[in-house]
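# Quick one: sequence plus predicted model below, questions after.
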Amino acid sequence: FLLPAHHNWHMAQDIGGDFTNSSDSQASFQPLAGVVGVSLDALCDNSIAELDLSRKGLDAAQLLTVSRLLRGATALTLLNLSRNYISDEGASCLSEAIKTNKSIISLDLSDNDIGAEGAGHLSEALKTNKRLTSLNLSQSYLGAAGAKNIAAMLKLNKTITSISLENDFLGSNAAEYLADGLKQNTALKSLNLADNKLNENAVEYLATGLMENKTLTSLSLKGNDLRIEGAAHVAKMLRVNTTLQSISLDSSNLTNNGRAMSGVIELAEALKKNKALLKMSLTYNQLGAQGAVPLAEALKMNKTLTALNVQFNSLEDESKAELKQAAGAILALTL
């Protein structure tokens, strides 16, 4: 939802205070009574551990109440606010509470209208928050400017281990900012950048960042247009990275629509040397028989990969048989 401009100042003034101990706590939490699905007593005595407010169409008064709840919460660990049309002003309201909250470990703000400015407010709060470990901002219209704010936060935050920025209209310019953040971050383990119109140039930045990063273990680049050049950049990173354990390159056009296999060959060569990766997914990349051959050769030499998904790649029975034989009994192969 879009908050009127005049709400912003009032919200900043009203958030403070310990509402769980005030004499009018029942009235303070009344705006949430109809949507939370728990009693007012539970809200007031601070006994709720998980709160799902997704798809509630929260208005300004209800969001202010959520901020009040966050300000005094000591038991609440999981908060889902997805699909509520929360704007940048709403994000600003929540951020003031997040700065001091010491209980929330998982926050879902996906499918809202957070935008770049809202991401800026949240990022400032998370530079000092020492509790949150999981943040979902997928489908929140962050854009490259929003990614820049997130990257600045990553340089300082020491606790967030999982961030999802799927389908956030990041574009390729965002990758340079995020790569810079990854170079300095020492906490993040999982990053989802699926469906963000990232191209081969963007992946070059990210791959360079991951050559220096020592903590990320899971990366999704699904649904981007990496092409053969992007596949080569990922391969270069995999040759030296010693921490990444899972990567998704599904629907990433690694073969230029089935016309060139040089990128897949590079990936296969990297798999021969990589000793950290456990899971790789390459579905919907038009590998065909030409792409299956180098992968099969790589599987014969790789001793650490435990799961490979190559479904929906126009593989004939002969190619599938070759891959199965190379995979052996240890590696879980999905064809």
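Nice, I can see it.
# wait, what's in contact with His233?
Listed by CB atoms under 8 Å, 6 or more residues apart in numbering, the contact partners of His233 are Glu200, Val203, Glu204, Leu206, Ala207, Leu226. Quick note: C-beta positions are derived from backbone N, CA and C, even for glycine.
# 7 Å instead?
Glu200, Val203, Glu204, Ala207 (CB atoms under 7 Å, 6 or more residues apart in numbering).
# so the second one touches Ile228, yeah?
Going back to what we said before, that points to Val203. No - counting by CB atoms under 7 Å, Val203 does not reach Ile228; the two are 11.2 Å apart.
# out of these two, which sits in the more crowded spot?
More neighbours surround Val203 than the other of Val203 and Ile228, with 28 against 19 (other CB atoms under 10 Å).
# Skipping adjacent residues, who's closest to the more buried one in space?
Computed as CB to CB, 6 or more residues apart in numbering, the closest residue to Val203 that is not its neighbour in sequence is Gly230, at 4.1 Å.
# need the contact list for the spatially most central residue of the chain.
For the chain, the residue sitting closest to the mean C-alpha position, by CA atoms, centre = their mean, is Ser164 at 1.4 Å. When contacts are counted by CB under 7 Å, 6+ apart, Ser164 touches Asn136, Leu137, Ser138, Asn192.
# the strands in the stretch 1-150 of the chain, which residues?
50-52, 78-80, 106-108, 134-136 (DSSP state E, counting those that start in this stretch).
# In CSV: the ones you listed, plus distance to Ala147.
Below are the strands of the stretch 1-150 of the chain laid out as CSV (distance: least, CB to CB, whole Å):
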stretch, distance to Ala147
strand 50-52, 27
strand 78-80, 23
strand 106-108, 18
strand 134-136, 13
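# Which one of these lies nearest to Ser248?
Proximity to Ser248 (CB to CB) singles out strand 134-136 among those, at 16.6 Å.
# now for the closest one, which elements pack on it?
strand 106-108, strand 162-164 (3 or more CB pairs under 7 Å, 6 or more residues apart in numbering; DSSP states H and E).
# Recalculate using a threshold of 10 Å.
Identification of packing neighbours for strand 134-136 by 3 or more CB pairs under 10 Å, 6 or more residues apart in numbering; DSSP states H and E yields strand 106-108, helix 115-126, strand 162-164.
# Just checking: what are the partner strands of it?
Sheet pairing of strand 134-136 (DSSP bridges) gives strand 106-108 (parallel), strand 162-164 (parallel).
# For the last one, give the mean pLDDT please.
Pointing back at strand 162-164 there. For strand 162-164, mean pLDDT is 98.
# Following element in sequence after that strand, please.
Using DSSP states H and E, the helix or strand that follows strand 162-164 in sequence is helix 173-184.
# List the buried residues in that next one.
Within helix 173-184, the residues that count as buried by 16 or more other CB atoms under 10 Å are Asn173, Ala174, Ala175, Glu176, Tyr177, Leu178, Ala179, Asp180, Gly181, Leu182, Lys183.
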